[in-house]
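**Student:** Got a sequence here, can you build the structure:
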Amino acid sequence: MTQVYFHCSNTRKVFVDRHGASVNDLAEARDHVTRVVQSFTNERSLDDWRDWLLHVSDDQGDELFVVPFTFVLGRPH
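**Tutor:** Prediction:
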């Protein structure tokens, strides 16, 4: 298992994940991204999340991959 962290940012703000999650592989980390983005957008009352990114990093601080919120949320209708 690997500890990974899910930091959210746009050009104006950064939310740092200080707890992270234990995952078995990158596929499990990718699946966790969906839950993080959905939880994040449900808890906060911003109207437009299209410019937000989720940065997935390992316990050494190395960035593993970046996922735009739009990949999870889709385009607004």
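
**Student:** all contacts plus neighbour counts: C-alpha atoms, from now on.
**Tutor:** OK.

**Student:** For the residue nearest the centre of the chain, which three-state class applies?
**Tutor:** For the chain, the residue sitting closest to the mean C-alpha position, by CA atoms, centre = their mean, is Leu54 at 3.2 Å. At Leu54 the chain is in strand, as set by DSSP: H, G, I helix; E, B strand; the rest coil.

**Student:** Ok, Asp31 next?
**Tutor:** Secondary structure, three-state DSSP: Asp31 is helix.

**Student:** So Glu63 is in contact with Val56, correct?
**Tutor:** Yes. Using CA atoms under 8 Å, Glu63 makes contact with Val56 at a distance of 5.8 Å.

**Student:** Which of these two has more residues huddled nearby?
**Tutor:** Between Glu63 and Val56, Val56 has the larger neighbour count (other CA atoms under 10 Å), namely 23 against 14.

**Student:** quick one: contacts for the more buried one?
**Tutor:** Val4, Tyr5, Phe6, His7, Ala29, Glu63, Leu64, Phe65, Val66 (CA atoms under 8 Å, 6 or more residues apart in numbering).

**Student:** what helix or strand does the closest residue to it other than its chain neighbours sit in?
**Tutor:** With sequence-adjacent residues excluded and distances taken as CA to CA, 6 or more residues apart in numbering, Val56 is closest to Phe6, at 4.8 Å. Using DSSP states H and E, Phe6 sits within strand 2-9.

**Student:** what are the pairing partners of whichever helix or strand comes after that strand, and which direction each?
**Tutor:** Toward the C-terminal end, the helix or strand that comes next after strand 2-9 (DSSP H and E) is strand 14-15. Strand 14-15 has the following strand partners under DSSP bridges: strand 2-9 (antiparallel).
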